[in-house]
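> Return atomic coordinates for the entry below.
(chains A and B)
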Amino acid sequence: MNIPNQTRLPLAVALEIVMQGIRIRLGRSLVTVSGVVLGVAFLMSILAGILLKGAVSEEDAVRIELERMQNFLEAESGAVDGKRLGVVILGELSNTEFRFLKTLERSGVERIRYFDASGLFDPSEFEMLESAQAGTVGEQASAVLLMGASADVAAALPVGTDSSILLTGSRQKLFAATNADISLPEAPGITTTTRLSREFKQSEIEAREAQARRDRFRDIWIIVISLMVTVIGIANAMLMSVTERFREIGTMKCLGALSGFVRRMFLIESAIMGFAGGIAGALGGILFSILAYLFTYGPSLVLAGLAESFLLLIGFGFLSVAIGVVLSMIAALYPANVAAKMIPAVALRSNV
Amino acid sequence: MSNPQPEDPATVSRDPQTAPAAAFEAIVPNRVEPGAPITRATIEAVLAPPVKEPRERVINAVDVKKVYRQGTQETHALRGATLDIFKNEYLSIMGPSGSGKSTLFNMVGALAKPSAGKVYIDQVNIAHLDQDELAWLRCRKVGYIFQSYNLIQVMTCLENVTLPMAFAGVEADQARERGIKILKQVGLGHRILHKPAELSGGQQQRVAIARALANEPEIVLADEPTANLDQATGQEMIDLLVRLKEELGVTIISATHDLKMLQRSDRILWIDDGRITKAARPEEIDFSTKEFDH
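As a prediction, this is how the structure comes out:
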């Protein structure tokens, strides 16, 4: 008699058997899955937290800066409410400058006239801007703002050619909005020149970067530890499951199951549970960190942060699910091996 | 109690070194053709005591030894057992726990390999098989019936019966059809979609028997199949096994202490301390002695 190798079953058969097992032993499966859920949820909440914190604190900083700039402006030239303003656009606006202009629009100014020295400005996004000539931009304005980056401020600025951009009123004031590299010009009729934006010292920036590095290191450390705990938890649960099913595995081997089939069964089971737990954990983690940030920063900041980091957040979600699957398969390696190596005669022991 | 009968040709192979069945059949007297050339085999055949009918060996174990090692300690579970098991025979194995009964049982069921000696199952020496080939053999040649049924709890009766067919690579539709047929044969046609937990012990054992027969094995190995059943159900199970043996021509090997099973079997082996100590037909045994008093 010629004995061929035992038939290798297609994956579908193993999958079907595994699905049945998970469905019937739902209670135990849920316990194992909840380990994955917790691990992945923790990972995801940290990742989402990092993303949201970045986006939210950036937005927070911009808002504080805008408020500060307006306060500064109003301290120098009186409340802008009902006043007229002039703006000289020297180059492309930075995000902060753009939003500062918007903020001024909303804070009840009567009119803003602008002179575009760069030719790059698109006024269609604003409602109150009126185009003006260089010579009339500061007419009856309580303040004139310089905005936009320019390599050569003196050349871009129409000062000197016509003795004044700036015009009437004896208490003209000139402000540079945010660009640190605009050296404020001396001009006739101008009583004060002031920079609105804050300048950071080098040491301040360094300290902030060092703090960010420490935070990142701590985050990674926490994530690694929590994932290791998760792996050990899953491995323990799977090992229990194998021990519980000794007789079942032995019986299957008596019926002709190959060791590889048994091993594959446990790996598939673990992968499925990792996938389910990963999805639940990723959703739970995202939800948790959004709620936590809503609680601390309020809805408007968090929504702005979410809008900015949405795609990255989804990407991290997929990554977390993948990590869940891989981790639970790693955790199942040893238990699956124990199951695969079992001798079929175990099935005959009636008191196992 | 009668004595062991080592001379009985049905009990002990006369020449352990002879390779399996074909050679054995040649020395059965009524297979010797008139006018055939006189060889050593024909002379031996004529001198040998007559056998009632030609019998084909399904399992041939020769001087089988099994040693379990645990650290430096050696346990001799089998100390040299030699036996033949014939096609369509119903053999019962008796022996106290620790006698080597389970070990012998595992050997003839291709569940374990001997440390020394040879075990031929259907003329194949299982010592030469690797894991894959052993799995193939278990799947197709041997059906197992367990004391505690060992049904897969998460599967329906039908799925339990079709599982070994799936392992044998039988197509799902075909397996299903055949599974239903076998379940009807054992009297469970109306319960095919029930889970084992919803069935009585006797019904579960019927499913187990159906599962054992799934791949049309030549050998059915039954480990105390009636031990967990009440008297009446046990009797039904024995009737079913005997009926299947007669209808399907399978060989049944059973480890048991059940008097009713022993009485219905064709031959009984006693095993003690790793050796086969006695072999007899049920009609030669006085079942009223203390040994059978359970």
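> Which secondary structure element of chain A has the lowest mean pLDDT?
helix A:153-156 (a mean of 56; mean pLDDT, DSSP states H and E).
> Confirm residue A:79 sits in a strand?
No: Residue A:79 is assigned coil when assessed by DSSP: H, G, I helix; E, B strand; the rest coil, not a strand.
> ok, it - how many residues close by?
Per other Cβ atoms under 10 Å in any protein chain shown, the neighbour tally for residue A:79 reads 14. The C-beta positions use only the backbone N, C-alpha and C, and glycine is treated the same way.
> Likewise for residue A:260?
Neighbours of residue A:260 (other Cβ under 10 Å): 16.
> for residue B:130, same thing?
Quick note: residue B:130 (other Cβ under 10 Å) scores 10 neighbours.
> how about the residues of the stretch 151-294 of chain B that lie near chain A?
The stretch 151-294 of chain B comes close to chain A at residues B:152-155, B:159, B:163-164, B:166-169, B:211, B:215, B:223-224, B:227, as judged by Cβ under 8 Å from any Cβ of the partner chain.
> Produce a ChimeraX select command limited to the buried residues of those residues.
Buried residues among those (16 or more other Cβ atoms under 10 Å in any protein chain shown), as a ChimeraX selection:
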select /B:152,154,155,159,163,164,166,167,168,211,215,223,224,227
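> Widest-spaced pair of the residues of the stretch 151-294 of chain B next to chain A?
B:169 and B:227 (33.4 Å; Cβ to Cβ).
> could you pull out the strands for the chain?
If you meant another chain, say so; for now it's chain A. Here chain A has its strands, by DSSP state E, at A:84-89, A:111-116, A:129-131, A:143-147, A:172-176, A:190-195.
> switch to chain B, that's the one I care about
According to DSSP E, the strands that chain B contains are B:57-70, B:73-86, B:90-94, B:116-121, B:124-125, B:142-145, B:219-223, B:251-255, B:267-272, B:275-280.
> so can I have TSV of those strands showing mean pLDDT?
Converted to TSV, those look like this (pLDDT from 0 to 100):
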stretch	mean pLDDT
strand B:57-70	90
strand B:73-86	90
strand B:90-94	93
strand B:116-121	92
strand B:124-125	90
strand B:142-145	92
strand B:219-223	92
strand B:251-255	93
strand B:267-272	91
strand B:275-280	88
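> Reformat those strands as a markdown table; add distance to residue A:130.
Listed next are the strands of chain B as a markdown table, based on distance: least, Cβ to Cβ, whole Å:
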| stretch | distance to residue A:130 |
| --- | --- |
| strand B:57-70 | 98 |
| strand B:73-86 | 102 |
| strand B:90-94 | 108 |
| strand B:116-121 | 101 |
| strand B:124-125 | 101 |
| strand B:142-145 | 94 |
| strand B:219-223 | 99 |
| strand B:251-255 | 104 |
| strand B:267-272 | 111 |
| strand B:275-280 | 114 |
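> What's the separation between the residue nearest to the spatial centre of chain A and chain B?
The residue lying closest to the centre of chain A (Cα atoms, centre = their mean) is residue A:51, at 2.4 Å. Separation of residue A:51 from chain B (Cβ to the nearest Cβ, to the nearest Å) stands at 42 Å.
> Check what pLDDT that residue gets.
In the predicted model, residue A:51 carries a pLDDT score of 86.
> Name the nearest residue to it, ignoring sequence neighbours.
Setting aside the residues directly before and after it, residue A:51 is nearest to residue A:309 in space (Cβ to Cβ, 6 or more residues apart in numbering or on different chains), at 4.3 Å.
> Pretty sure that neighbour sits against residue A:57.
No: assessed by Cβ atoms under 8 Å, residue A:309 is found out of contact with residue A:57, at 11.8 Å.
> which of those two has more neighbours?
The residue with more neighbours, out of residue A:309 and residue A:57, is residue A:309; 21 against 13, by other Cβ under 10 Å.
> What is the neighbour count of residue A:33?
25.
> and the closest residue to it other than its chain neighbours, what does it touch?
Using Cβ to Cβ, 6+ apart and skipping the chain neighbours, the partner closest in space to residue A:33 is residue A:277 (4.2 Å). Residue A:277 is in contact with A:32, A:33, A:34, A:35, A:36, A:37, A:39, A:40, A:324, A:328, counting by Cβ atoms under 8 Å, 6 or more residues apart in numbering or on different chains.
> For chain A, give the residue positioned nearest to chain B.
Among the residues of chain A, residue A:256 lies closest to chain B, at 2.5 Å counting by Cβ to the nearest Cβ.
> Which residues are in contact with whichever residue of chain B sits closest to chain A?
Chain B approaches chain A most closely through residue B:139 (2.5 Å), counting by Cβ to the nearest Cβ. By Cβ under 8 Å, 6+ apart, residue B:139 lies in contact with A:6, A:255, A:256, B:164, B:167, B:168, B:215.
> Quickly note the distance from it to residue B:215.
Look at residue B:139 and residue B:215: by Cβ to Cβ, to the nearest Å, they are 6 Å apart.
> what do the two both touch?
Shared contacts of residue B:139 and residue B:215, defined by Cβ under 8 Å, 6+ apart, comprise A:256, B:164, B:168.
> Could you list which of those residues belong to helices?
residue B:164 (DSSP state H).
> can I get the shared contacts of residue B:139 and residue B:215 in CSV with distance to residue B:248 and pLDDT?
Listed next are those as CSV, based on distance: Cβ to Cβ, whole Å; pLDDT from 0 to 100:
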residue, distance to residue B:248, pLDDT
A:256, 19, 89
B:164, 16, 93
B:168, 17, 91
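> quick one: which of the shared contacts of residue B:139 and residue B:215 is nearest residue B:184?
Distances from residue B:184 to these, taken by Cβ to Cβ, are shortest for residue B:164, at 17.7 Å.
> Just confirm that closest one contacts residue B:208, I think it does.
No: if you go by Cβ under 8 Å, residue B:164 and residue B:208 don't touch, sitting 11.3 Å apart.
> Now for the closest residue to residue A:265 other than its chain neighbours: which residues touch it?
Spatially, and ignoring its direct neighbours in sequence, residue A:265 is nearest to residue A:14 (5.2 Å; Cβ to Cβ, 6+ apart). By Cβ under 8 Å, 6+ apart, the contact list for residue A:14 reads A:261, A:264, A:265, A:268.
> What residues of stretch B:84-102 count as buried?
B:84-95, B:99-102.
> now, which of these lie close to chain A?
Answer for the buried residues of stretch B:84-102 near chain A (Cβ under 8 Å from any Cβ): residue B:102.
> which one of the buried residues of stretch B:84-102 is nearest residue B:62?
residue B:84 (9.4 Å).
> so what's that closest one bridging to?
Beta-bridge partners recorded for residue B:84 (DSSP bridges): residue B:60.
> so it touches residue B:59, yeah?
Yes: here residue B:84 reaches residue B:59: they are 7.1 Å apart, a contact under Cβ under 8 Å.
> Can you list the residue ranges for helices in chain A?
Assigned by DSSP H, chain A shows helices spanning A:11-24, A:26-77, A:95-106, A:153-156, A:202-244, A:246-254, A:259-297, A:299-341.
> Just name the most buried of the ones you listed.
Sort the helices of chain A by mean neighbour count, taking mean count of other Cβ atoms under 10 Å in any protein chain shown, and helix A:246-254 sits at the top with a mean of 23.
> got the contact list for it?
Helix A:246-254 has contacts (Cβ under 8 Å, 6+ apart) with A:242, A:257, A:259, A:261-262, A:339, A:342-349, A:352, B:109, B:111, B:135, B:138, B:144, B:146, B:148, B:150, B:152-153, B:163.
> Nearest the geometric middle of chain B, what residue?
Central residue of chain B (Cα atoms, centre = their mean): residue B:253, at 2.5 Å.
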